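Peer 1: Next come a sequence and a model predicted from it.
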Amino acid sequence: MAAIARWALIAVLSCAAAVAWLYSEPPARRVVETASRYQCPMHPTILRDGPGECPICRMELVPVTRHESAAPERGGVPGLAPIEIGLERTQLAGIRTAVATRQRLTAQLRTTAFVSADESTVALVTTRFSGWVEEVRAQVGERVEKGQILATVSGPELLTAQKVFLVGRGWAAKQNVPAGPVEEENNTLQRLGIAQRDIDAVVRRGRPLLAIPLRAPVSGYVAKRSVLPGLYVQPGAELFQIVDLATVWVLADVHEQDVRRVQLGQRAQLLLGMPVREAFRGSVDFIFPALDPDTRTLRARVRLPNPDLRLRPGMSGTLVIDVPADDALTVPAEAVVDTGEQQYVFIARSGGRFEPRTVRVGASADGRVQVLEGLQEGDPVVTTANFLVDSESRMRGAVEAFAPAREATGALQSARASGQP
């Protein structure tokens, strides 16, 4: 009776094995059907879209498939994989963690800023006539007053205009012509940009001036000079640039995640460190419409009075802007790894396991960063030795990405050994 039962059990198992063999596919065939690319086992750099031979060693290319573990989990980081680090190594490497907590961000936003000239006070000195520069009297950086002579210019065009003016004035005096036509001729010299005091000098002399002065249109500092004695100038050419520094601009670069917190009219103060720490107070009066594509920052402007010239263009400092406080989920700033293309953190799990997690950050203040997506309150994140964890995670991700190739090679070799196609 026992022998019959034993043979019956053997028959059942044999039937099950036969059914499994009939309805299952060979491993190599499954790998080939799911393969998207083919690789040489000896030269991994040789990749093809279909089967073939390696051009170097003539070995048959094997299919390459991605392992399920190679794909990032939800919230994972492409190219990184979870890793496990023992307790002893964790202590030796100095890996520390901090918990994501919800707290109120500070009501002040700090960013770097620099002082620039107020572009609305910049005056350009040009000519409306052609001629040669005879003399240059102003230098770059020199303060000039309105009406001060910057340079003198001579030429046939100026000489002719003065002669026409004098002839017309003399004819009007002999004919007792009213002052109207004389004033019109006077306006002709004015339209050439000649100052009224120089026109009066021509009238007093009764003959043309050999060189016409170019005078400063405003008081300020010479920021640029483009003339030299003997240079030929043409109408519209920029000769001098004068800047009035009675008011200056402070331009601040606001990071992309902090843009929404900055608004017009917010109070701000510029802090300068050296030689004496000073604070200059004003308000945000303009926000530029576009971000800088290189730095991913938005520029905000504060206009400050500068009567005693304590602020000079080129100075840099810290601009503190009073912004509304936010209640947000935050982590220490050093916990976020920013590659420029993506931002992520490493979550510490039990048993020395560390998992990469993509996050989207927001505002930052007082050494903490707001996390908009990717974390929950109470999640422990790595704050020190991120480089070590990141390196091992990348290495593990690379190993897992190449593991499928080895699996496919083994499956193909097994299929050949068994004589399966």
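Peer 2: Sure thing, it's come through.

Peer 1: Quickly list the domain ranges of the chain.
Peer 2: Using automatic domain parsing, the domain ranges for the chain come out as 2-68+399-417, 83-104+328-394, 108-118+245-324, 122-243.

Peer 1: do you know how far Val96 is from Pro324?
Peer 2: Actually, residue 96 is Arg rather than Val. 32 Å (Cβ to Cβ, to the nearest Å). C-beta: built from backbone N, CA, C; applies to glycine.

Peer 1: hmm, I was thinking of Leu61
Peer 2: 61 Å.

Peer 1: Could you do Glu392 as well?
Peer 2: 41 Å.

Peer 1: which residues does Phe240 bridge with?
Peer 2: Counting by DSSP bridges, Phe240 forms beta bridges with Val125, Arg225.

Peer 1: is it true that it touches Arg225?
Peer 2: Yes - applying Cβ atoms under 8 Å, one finds Phe240 in contact with Arg225, separated by 5.7 Å.

Peer 1: quick one: low-confidence parts of the stretch 301-421 of the chain?
Peer 2: 401-421 (pLDDT under 70).

Peer 1: related to what we said a few turns ago, wait, which of the domains of the chain is closest to Gly76?
Peer 2: Among the domains of the chain, the nearest to Gly76 by Cβ to Cβ is domain 83-104+328-394 (6.0 Å).

Peer 1: Check the gap between Trp249 and Val302 for me.
Peer 2: Plainly put, Trp249 is 7 Å away from Val302 if you go by Cβ to Cβ.

Peer 1: In this structure, what helix or strand scores lowest on average pLDDT?
Peer 2: helix 27-34 (a mean of 39; mean pLDDT, DSSP states H and E).

Peer 1: Could I get the average pLDDT for whichever helix or strand comes after that helix?
Peer 2: Remark: after helix 27-34, the chain's next helix or strand is strand 37-39, criterion DSSP states H and E. For strand 37-39, the mean per-residue pLDDT is 75.

Peer 1: pLDDT weak spots in the stretch 51-200 of the chain?
Peer 2: Using pLDDT under 70, the stretch 51-200 of the chain drops low at 64-75, 176-187.

Peer 1: ranges for the helices of it?
Peer 2: Secondary structure of the stretch 51-200 of the chain (DSSP state H, counting those that start in this stretch): helices at 87-93, 156-174, 179-191, 196-205.

Peer 1: would you turn these into a markdown table with mean neighbour count?
Peer 2: Output for these, formatted as a markdown table (neighbours: other Cβ atoms under 10 Å):
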| stretch | mean neighbour count |
| --- | --- |
| helix 87-93 | 12 |
| helix 156-174 | 15 |
| helix 179-191 | 14 |
| helix 196-205 | 13 |
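
Peer 1: now for these, which one comes closest to Ala335?
Peer 2: Closest among those, using Cβ to Cβ: helix 87-93, at 15.6 Å.

Peer 1: what residues are up against Asn306?
Peer 2: Leu245, Ala246, Thr247, Val248 (Cβ atoms under 8 Å, 6 or more residues apart in numbering).

Peer 1: Can you tell me which of those residues end up in strands?
Peer 2: Thr247, Val248 (DSSP state E).

Peer 1: So which of the contacts of Asn306 is the closest to Ala173?
Peer 2: Here the nearest of the contacts of Asn306 to Ala173, counting by Cβ to Cβ, is Ala246; it sits at 45.0 Å.
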